[in-house]
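1. The following block contains a protein sequence and its predicted model.
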Amino acid sequence: MTEPTPTPVGPVDASVVPRYAGIATFARLPRIEDVPRADVAVVGIPFDTGVSYRPGARFGPSHVREASRLLRPYNPAQDVSPFAVAQVVDAGDIPVNPFAIDEAVGEVERAADALAERAPRIVTIGGDHTIALPLLRSVTKRHGPVAVLHFDAHLDTWDTYFGAPVTHGTPFRRASEEGLIDLTASCHVGTRGPLYSKQDLVDDERLGFQVLSSELVEQEGVASVIERMRARLGDRPVYVSIDIDVLDPAHAPGTGTPEAGGLTSRELLRMVRALSDLHVVGADVVEVSPAYDHAQLTGIAASHVVYELVTLLAAQVGR
Ligand SMILES: N=C(N)NCCCC(=O)O
Ligand SMILES: [Zn+2]
Ligand SMILES: [Zn+2]
């Protein structure tokens, strides 16, 4: 006989303990060590040794947790109460070496493998975009090559910086070379801004990505871009990687490599919700750098994006 599933332990009740009281876990959820089992885990990776410009994304996880205090338990946009239909937890931070990128990347992969044994669905808060590489190495061990849905101002399929192959501008090139990506089903959304050369786009296509640019969103509208995105992803296992700099700097100033002309947070949230019937197997939200933030704008945007991702994954549990 299978054990009856216990009722999930939810977040702290904001009508009993004020939202601004207590230590911040994501959405005031229980910590993984405080519950017997978990369906969905939010985990932080405070790492920014891979950045090419402004640093500070190592402080992203705690900033997003602080900004997530106001989230509520029912998500009307997806008609799901994510913390009631699944046991969602905060798994804390993965401690990684800030002085050695290769070592840090190995630590992230091993920690993600170990966490997946305890919580089969993981949403990661970065950290700079370097961490997508070890996260993809981990998730593909369980699901095979994944369709990568990559929201970003940048391609992140560049080759090296100062001779370094593993940086925040290169994770998807390495992942493609390693066979972690479904080359027929991956795409970037929100891409914009100057490149190094036209060849960047040629390389990017060869590495398996379609580009749905920020300009295309403006020209065609969100609904049409969602259709294109869904057509590209099909029914494959999808890994969603969201660089917060996909948002316009007006919506997310707190990031390391900002580019003008980006998406609004409303557009991004709608695109994430449009994945609710797809087979999402993991996700990250990266590049929140609080020192450049104002009035928690970036933290709030990122916390809502994480909430939508958690909702997608929690909704899978009851299905
Ligand atoms: N992944 C992010 N956020 N940025 C990559 C920018 C790489 C560059 O400096 O050209
Ligand atoms: Zn970016
Ligand atoms: Zn990026």
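-> Alright, I've got the coordinates. Ligands and ions are numbered 1, 2, ... in the order given.
2. Contact partners for the spatially closest residue to residue 315 that is not a sequence neighbour?
-> Using Cβ to Cβ, 6 or more residues apart in numbering and skipping the chain neighbours, the partner closest in space to residue 315 is residue 80 (4.8 Å). For every residue, glycine as well, the C-beta is placed using N, CA and C. Neighbouring residues of residue 80 by Cβ atoms under 8 Å, 6 or more residues apart in numbering: 74, 311, 314-315.
3. Give me the phi and psi for residue 139.
-> phi -70, psi -30 (degrees, to the nearest 10).
4. Kindly report the same for residue 186.
-> phi -100, psi 150.
5. what bridges to it?
-> residue 209 (DSSP bridges).
6. residues near it, how many?
-> 25 (other Cβ atoms under 10 Å).
7. Just confirm it contacts residue 148, I think it does.
-> Yes. Using Cβ atoms under 8 Å, residue 186 makes contact with residue 148 at a distance of 4.2 Å.
8. can you list residues touching both of these two?
-> Common neighbours of residue 186 and residue 148 (Cβ under 8 Å, 6+ apart) are 172, 209.
9. Nearest residue to residue 174 in space, please, no chain neighbours.
-> Nearest residue to residue 174, sequence neighbours excluded (Cβ to Cβ, 6+ apart): residue 133, at 5.4 Å.
10. Shouldn't that neighbour be within a helix?
-> Yes. With DSSP: H, G, I helix; E, B strand; the rest coil as the criterion, residue 133 is part of a helix.
11. Quick check: the residue of the stretch 201-319 of the chain found nearest ligand 1 vs residue 61, distance?
-> Residue nearest to ligand 1 within the stretch 201-319 of the chain (Cβ to the nearest ligand atom): residue 257, separated by 4.1 Å. Per Cβ to Cβ, to the nearest Å, residue 257 is found 19 Å from residue 61.
12. which one of the two has more residues nearby?
-> Ranked by neighbour count (other Cβ under 10 Å), residue 257 and residue 61 place residue 61 first, with 28 against 20.
13. Chain neighbours aside, what residue packs nearest to the more buried one?
-> Nearest one to residue 61, counting by Cβ to Cβ, 6+ apart, is residue 44 at 2.7 Å.
14. Identify the neighbouring strands of whichever strand or helix holds that neighbour in the sheet and state each direction.
-> Using DSSP states H and E, residue 44 maps to strand 40-45. The pairing partners recorded for strand 40-45 under DSSP bridges are strand 88-93 (parallel), strand 121-126 (parallel).
15. And those strands: which comes nearest residue 234?
-> strand 121-126 (20.4 Å; Cβ to Cβ).
16. Please see if the closest one touches ligand 3.
-> No. For strand 121-126, no contact with ligand 3 is found by Cβ under 5 Å from the ion; the gap never falls below 9.4 Å.
17. Please apply the same query to stretch 144-158.
-> Yes. Counting by Cβ under 5 Å from the ion, ligand 3 has neighbours in stretch 144-158: 152, 154, 156.
18. in which helix or strand would I find the nearest residue to residue 139 once chain neighbours are set aside?
-> Distances taken as Cβ to Cβ, 6+ apart place residue 282 nearest to residue 139, at 4.5 Å, with adjacent residues excluded. Per DSSP H and E: residue 282 is located in strand 280-286.
19. That strand: what's the following helix or strand?
-> helix 297-318.
20. Check which residues of that following helix are buried.
-> Under the neighbour-count criterion of 16 or more other Cβ atoms under 10 Å, helix 297-318 has 297-317 buried.
21. Repeat that for stretch 164-178.
-> Those would be 166-176, for stretch 164-178 by 16+ other Cβ under 10 Å.
22. Any residue of it touching ligand 3?
-> No. Stretch 164-178 stays clear of ligand 3 (Cβ under 5 Å from the ion), getting no nearer than 5.9 Å.
23. Could you do stretch 180-191 as well?
-> No. Figure legend: stretch 180-191 not in contact with ligand 3 (Cβ under 5 Å from the ion); closest approach 9.5 Å.
24. Start and end of that stretch, how far apart?
-> In stretch 180-191, first residue to last residue: 21 Å (Cα to Cα, to the nearest Å).
25. That one and ligand 1, any residue contact?
-> No. Judged by Cβ under 6 Å from any ligand atom, stretch 180-191 makes no contact with ligand 1; its nearest approach is 11.3 Å.
26. and what of stretch 126-135?
-> Yes. Stretch 126-135 reaches ligand 1 (Cβ under 6 Å from any ligand atom) through residue 129.
27. Quick check: closest non-adjacent residue to the residue nearest the centre of the chain.
-> Central residue of the chain (Cα atoms, centre = their mean): residue 284, 1.9 Å from the mean position. Spatially, and ignoring its direct neighbours in sequence, residue 284 is nearest to residue 124 (4.1 Å; Cβ to Cβ, 6+ apart).
28. That neighbour touches residue 44, doesn't it?
-> Yes. Under the criterion of Cβ under 8 Å, residue 124 makes contact with residue 44 at 7.4 Å.
29. Comparing those two, which residue is more hemmed in?
-> Using other Cβ under 10 Å as the criterion, residue 124 and residue 44 rank with residue 124 on top: 27 against 23.
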